[in-house]
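Participant: need a 3D model of the following:
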Amino acid sequence: MFREMRRGKQLLSKEDTVAVMDRCTNGVLACLGDEDYPYAVPLSYVYFNDKIYFHSAKAGHKIDAITKNPKVSFAVIDEDTIVSERFTSYFRSIIAFGKVRFVEGDEWLEAMKALVEKYSADQPDEAKHKEIFGCTQAYMIAIDIEHMSGKEAIEYVKAKRK
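Facilitator: Sure, this is the predicted structure:
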């Protein structure tokens, strides 16, 4: 169902793909927007329990789009170094495909804790607890990943072999 990467030598391992998802702090959610125009929106996320979680206001273009069609893709760029003399860039990126759903109950709580921990680990536990339990005006949304792959510049692949 999902295409195989054309340049298979540049495919990241599952471990390297997860490491990128863990260390990056933002990605771009792509979905089908108004009048079937593509809609891509940058957002903060956490990769937790093999899912991508993000929070959102309860109204807006993103909510309308994912309610209409839950199939999405999510892209993360880990590295993008311009190498002008070679007319290229050295890159590392991830793309995931899946379906979104609104999260509730214990899963909402665990995902919110993971999100707060990712972005505010250095804050006191009391402040984190207050933020988590005070966040009642937002949805927590999960992307149940159906396919995820990472790719990096061939130069990075060659450097690993040395």
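Participant: quick one: the strands in this structure, in order.
Facilitator: Counting by DSSP state E, the chain has strands at residues 26-32, 38-44, 46-48, 51-57, 71-83, 88-103, 138-152.
Participant: just say which of these is most tucked in.
Facilitator: strand 46-48 (a mean of 22; mean count of other CB atoms under 10 Å). Every residue, glycine included, has its C-beta placed from N, CA and C.
Participant: just the buried positions in the longest helix anywhere in the chain, please.
Facilitator: The longest helix of the chain (DSSP state H) is helix 105-120. Across helix 105-120, burial judged by 16 or more other CB atoms under 10 Å covers Glu107, Trp108, Ala111, Met112, Ala114, Leu115, Val116, Lys118.
Participant: now tabulate the strands of the chain in CSV and tack on distance to Arg3 and mean pLDDT.
Facilitator: Output for the strands of the chain, formatted as CSV (distance: least, CB to CB, whole Å; pLDDT from 0 to 100):
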stretch, distance to Arg3, mean pLDDT
strand 26-32, 16, 97
strand 38-44, 18, 97
strand 46-48, 22, 98
strand 51-57, 20, 96
strand 71-83, 12, 94
strand 88-103, 10, 94
strand 138-152, 9, 95
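Participant: who wins for proximity to Lys9 among the ones you listed?
Facilitator: For the strands of the chain, proximity to Lys9 was assessed by CB to CB; strand 138-152 is nearest, at 9.8 Å.
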